[in-house]
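1. Show me how the following folds:
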Amino acid sequence: MIVGVVRLRIRLPENHSLKGKRRVVKSLIGRVGNRFNVAISEIDLNDVWQSGVIGISTVGNSQSVINSALDRVLNFIDETCPVEVIDSEIEIIHLGN
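-> Now for the predicted structure:
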């Protein structure tokens, strides 16, 4: 089994409230979760209104498929979501034989 994990740091430059941030992040999580077969959640900086950290993960049996899926998710976020991607880290974890 291969697990792919992304830690995505985002900035919301046009946002001016925690309520606005939650609306944008909830929309992002819903759109990505519905479009791609991944688990996604806000994992850090929950109470900071212009920054956030999103965790994304997927499981499979091929590293190339996992990499491709995570790259598609990151491209989708970059092209369609009203957030600025500050940093992204992808980690591939091999479990078992």
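
2. list the buried ones in stretch 2-19?
-> 2, 4-10, 12, 15 (16 or more other C-beta atoms under 10 Å). Any C-beta I mention is one placed from the backbone N, CA and C, and that applies to glycine too.

3. Out of those, which comes closest to residue 91?
-> Residue 91 lies nearest to residue 5 out of the buried residues of stretch 2-19, by C-beta to C-beta, at 4.8 Å.

4. Let's verify the closest one: helix, strand, or coil?
-> At residue 5, secondary structure determined by DSSP: H, G, I helix; E, B strand; the rest coil is strand.

5. does the residue nearest to residue 36 when sequence neighbours are not counted sit in a helix or strand, and which one?
-> Spatial nearest neighbour of residue 36, excluding adjacent residues (C-beta to C-beta, 6 or more residues apart in numbering): residue 73 at 5.2 Å. Using DSSP states H and E, residue 73 sits within helix 63-80.

6. Next up, the contacts around the residue nearest to residue 36.
-> 6, 32, 36, 38, 56 (C-beta atoms under 8 Å, 6 or more residues apart in numbering).

7. Distance check, residue 11 against residue 51.
-> 6 Å (C-beta to C-beta, to the nearest Å).

8. what do the two both touch?
-> By C-beta under 8 Å, 6+ apart, the residues touching both residue 11 and residue 51 are residue 86.

9. how far away is residue 12 from residue 34?
-> 21 Å.

10. What ranges does this protein have for its helices?
-> Secondary structure of the chain (DSSP state H): helices at 18-35, 63-80.

11. Would you mind saying which of these lies nearest residue 96?
-> Checked against C-beta to C-beta, the stretch from those lying closest is helix 63-80, at 13.7 Å.

12. Report the buried residues of the closest one.
-> Quick answer for helix 63-80 (16+ other C-beta under 10 Å): 66, 69-70, 73-74, 77.

13. what's the average pLDDT for that helix?
-> Mean pLDDT, helix 63-80: 93.

14. Give me the angle between that helix and helix 18-35.
-> 140 degrees (axes from the mean of the first three to the mean of the last three C-alpha atoms, to 10 degrees).

15. starting at the chain centroid, how far to helix 63-80?
-> 10 Å (C-alpha atoms, centre = their mean, to the nearest Å).
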